[in-house]
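this one's structure only:
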């Protein structure tokens, strides 16, 4: 499970001064659950996920994955997670099979267990017809599949997907969402960031809506709808963000 | 670090590089083709290369008077005056009319020729001018010599010594033909030197003719004939000196180039293609990634160097078999080259990796090659200077030491090479380790891994510097301050001359201290919001500060003998420059000891401590590693000293003072230590036999040594032990950590806890 408390991240930015990318975010995602991180572009989703995958260090606050601290026990954390984002590309000069095998072995898998696991993943994600194709020659959809295969090859308890469907056509995107749902049913703890509300509605058990580094709302989808008296998630999202911006302007 | 991961990353990177056509071309195809092609070009060009004929204007050549021995033949210089028969055709002569045009003299014509030659592109490249009375002068000289030799003095009768003297004095002047040429023009210079050769040979012939005329053997003027026998040439090793200088240089150049391109592709390239984030989020640790990549780069660097070296010496050897420099490099020399290649490739690979990880894109990465070459090449070129040999001092200079060791080995001087092999290997390993650590660190910095391009706006940046000031300076500010001090000091040393009097010395010393302290103080007040905290002043209680000051004084006294031993050792390693002794003599001219004490032991400690342990150390501590901050600040401190021996000792003392600064959190103990240290230094140099007579108790502390007095070894040992005790006391103090240092501590604890989840509460 993922536990995040009071996470803040500041960047230095000459033009805008001290830039607060995250301002005290906190949430908790449990196994067997898809936790949606919703927010417009620049809300702080990618920063949060990068901190959770130990690529960035928070300015303050704390995040743990299955109890391991992301700052002080980063190596352990990386063993617990499968991380996939728009920024985690596929190697150009490696075939699909080599790529997945490489990461499997980095996770300590070897020999037959690795091959069996890979065969299973390759047939489930329908990747067998391009398993020997170099990354440079793959389509976007193929690359995305390789990335998914790469992030689940070691069967991690926690999966982090950052805008996984961006740039995919409807067919591939739907297949990917199905895969994510399957993974949840296997009992994985999944953190899924997106700005597409339909995806969130279909997939997520709980969501957190963040905007400008602040957590605006958090909870189960139905509870959120109830609380804000709005059945349409997109409408609800829009309202929250507009209200927040209006409030900020009023106080500024 | 798991070696299986390193191996995995290594094999992937190698496969990746081998699948890249550009890399393969650069590393394998290019060297295989480059040298044969180059050799082909050289052969082709040398066929076309021909010596060009030069035109010479001859003024005042009176054919009748320049006979016997003849200077000219068929309107050219006589063929026998050239070393090779082809030379005749290379000097085309144009004779000036024998009698100058009316109203002009030969001297006027020579002036005209001077103007013509000076502006290149004229009708002739050089001119030779025989004064109008040249033939007469020659004849007169001949007669004068003849008269003196036969004892018939033309001047008249006189006796003994005066006669000889007068005869010598009265000898007619030597005739002087004048060659007019300009070295600003290559062709003119060539013509000039050819004419000079001819005239010198002719002059020798004239001399021999004179001797014969007097009935003397011409060989009287050539009493000895030197025979030179080059043993190296006889044993066929003349080539080895040539190769010994060339091969190490080529090896380094290609090891660097071969490391650079893969490094850029493996770091900046991965960043650009977006795969770095994939790799970093895998369980592979940063150190495993760095080592994997490093070994890949190293392998390619070595392959490049070996292939280039191989094809170059093969084609070069073949080509040179037709040239005066004989002999291809021996097989043994390739063994040594290979042995030296391993550490050199490691060093260059680590440097390239760290540099390349700074780059956002391959394009940016390529820009970093030039600065790297600019730093490495001078180090590799130093050994080419004549007279530079492998010594202990040289063997501690990175890159230079390996080139020198290689050269010594290639020259076959194994005894010297063996003597200095250890320091060379040690220094190279140390540099490798530092470079690797630097590279690992780059991979741990999110600012390096996720750098985004920003529009440069100097105004905004300055505003940000001033408005968003922090209590203490940043690392960058500290480094900048250190560099600024060094640069200012360098310019100061260029503009000042060596002090002549004590007054001059005072002026220079005070200006130097201003140069040291001014950048630090200006930056403190302009760029930090808490100057007192920055300079480590006024923190903590007065009582603690006072105790620390006394401890520091005791420490300075205790360490001083050890420091002296170290400095003496350093000055044995690197000979003391003359300036140091001249400076010491100037100290002797001080009006009194007190003023000297003020100049050396009061002002500099205050200024230098404010700069190095104040501003610079405060900034450097934001790296999160206290010892590194202390050492870097000490290195800056050391480098501001004038002579190498002082620099080495100052770095060591700087480390001690830096430690005091961190542990006590106060600058006052540092200043106290520094004052006492400098004061003792001065006192020791001021001891004379007379002082020992006046204060007999000093006798059991110091003893006579070369060039002054030194401490008794008992005092050194006792001092060292006391120093260890006091340092232990300092280490027990709880010091104020920076945020970065606390973070590093936490990470260290996290790694120690390893498999145990730290956050038990979260479960």
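Okay, I see it. Computed from a predicted structure; not experimentally measured.

Which single residue of chain B approaches chain A most closely?
Nearest to chain A in chain B, going by CB to the nearest CB, is residue B:750, at a distance of 2.6 Å. C-beta coordinates here come from the backbone N, C-alpha and C atoms, glycine included.

and that residue, what pLDDT?
pLDDT recorded at residue B:750 is 73.

who does the strand or helix carrying it touch, helix- and strand-wise?
Using DSSP states H and E, residue B:750 sits in helix B:739-753. Applying 3 or more CB pairs under 8 Å, 6 or more residues apart in numbering or on different chains; DSSP states H and E, we find helix B:739-753 packed against no helix or strand.

what comes up buried for that helix?
Across helix B:739-753, burial judged by 16 or more other CB atoms under 10 Å in any protein chain shown covers B:740-741, B:744, B:747, B:750.

and that helix, how far from the chain's centre?
40 Å (CA atoms, centre = their mean, to the nearest Å).

Give me the contacts around it.
For helix B:739-753, the surrounding residues in contact (CB atoms under 8 Å, 6 or more residues apart in numbering or on different chains) are A:57, A:69, A:71-75, B:621-626, B:737, B:758.

Of those residues, just say which sits nearest to residue B:712.
residue B:626 (35.1 Å; CB to CB).

What residues does the stretch 101-250 of chain B have near chain A?
Within the stretch 101-250 of chain B, not a single residue sits near chain A (CB under 8 Å from any CB of the partner chain).

In the stretch 101-250 of chain B, where is pLDDT below threshold?
For the stretch 101-250 of chain B, applying pLDDT under 70 flags the ranges B:150-170, B:232-240.

So for stretch A:226-235, what gets flagged as buried?
So, applying 16+ other CB under 10 Å, buried residues of stretch A:226-235: A:228, A:230, A:233.

OK, contacts around the first one?
Residues in contact with residue A:228, defined by CB under 8 Å, 6+ apart, are A:217, A:236, A:239-240.

Which members of the residues you listed are positioned in strands?
Judged by DSSP state E, strands contain the following of these: residue A:217.

residue contacts, the most centrally placed residue in chain A?
Centroid check for chain A by CA atoms, centre = their mean gives residue A:161 as the closest residue, at 2.4 Å. With contact set as CB under 8 Å, 6+ apart, residue A:161 has these partners: A:84-85, A:151, A:180, A:190-193.

could those residues go into a markdown table alongside neighbour count and secondary structure?
Below are the contacts of residue A:161 laid out as a markdown table (neighbours: other CB atoms under 10 Å in any protein chain shown; DSSP: H, G, I helix; E, B strand; the rest coil):
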| residue | neighbour count | secondary structure |
| --- | --- | --- |
| A:84 | 25 | strand |
| A:85 | 25 | strand |
| A:151 | 25 | helix |
| A:180 | 22 | helix |
| A:190 | 24 | strand |
| A:191 | 27 | strand |
| A:192 | 26 | strand |
| A:193 | 24 | strand |
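
Filter those residues to keep only those in contact with chain B.
Near chain B, by the rule CB under 8 Å from any CB, you find residue A:85 out of the contacts of residue A:161.

So which of the contacts of residue A:161 is the closest to residue B:360?
residue A:85 (18.5 Å).

could you pull out the helices for chain A?
Assigned by DSSP state H, the helices in chain A fall at A:45-52, A:74-80, A:96-106, A:111-124, A:140-152, A:170-185, A:197-203, A:221-228, A:233-251.

what about stretch A:28-37, distance to the chain center?
11 Å.

where in chain B is pLDDT low?
B:49-50, B:62-67, B:150-170, B:232-240, B:321-329, B:451-457, B:539, B:576, B:706-708, B:751-763.

re earlier: between which two of the contacts of residue A:228 is the distance greatest?
Across these (CB to CB), the longest gap, 10.0 Å, separates A:217 and A:239.

Which one of these two is surrounded by more residues?
residue A:217 (19 against 16; other CB atoms under 10 Å in any protein chain shown).

Could you find the closest non-adjacent residue to that one?
residue A:209 (4.7 Å; CB to CB, 6 or more residues apart in numbering or on different chains).

Could you export the contacts of residue A:161 as TSV, including pLDDT?
Shown next, in TSV, are the contacts of residue A:161 (pLDDT from 0 to 100):
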residue	pLDDT
A:84	90
A:85	86
A:151	91
A:180	91
A:190	94
A:191	94
A:192	92
A:193	91
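
Of the contacts of residue A:161, just say which sits nearest to chain B.
Of the contacts of residue A:161, the one sitting nearest to chain B (CB to the nearest CB) turns out to be residue A:85, at 7.2 Å.

Tell me what the residue lying closest to the closest one once chain neighbours are set aside is bridged to.
Leaving aside its sequence neighbours, residue A:85 sits nearest to residue A:162 (CB to CB, 6+ apart; 3.3 Å). On the basis of DSSP bridges, residue A:162 is bridged to residue A:85, residue A:193.

who are the neighbours in contact with residue A:162?
Taking CB under 8 Å, 6+ apart, one finds A:45-46, A:49, A:83-87, A:193 in contact with residue A:162.

Quick check: which ranges of chain A have low pLDDT?
Residues of chain A that meet the cut-off, pLDDT under 70, sit at A:13-17.

phi, psi of the residue of it found nearest chain B?
Closest approach between chain A and chain B, counting by CB to the nearest CB: residue A:72, at 2.6 Å. When read as degrees, to the nearest 10, the backbone of residue A:72 gives phi -90, psi -10.

Look up how far residue B:56 lies from residue B:199.
According to CB to CB, to the nearest Å, residue B:199 stands 11 Å off from residue B:56.

ok, those two, which is more surrounded?
With neighbours defined as other CB under 10 Å, residue B:199 and residue B:56 compare such that residue B:56 has more, 27 against 17.

for the more buried one, helix, strand, or coil?
The local conformation at residue B:56, judged by DSSP: H, G, I helix; E, B strand; the rest coil, is strand.
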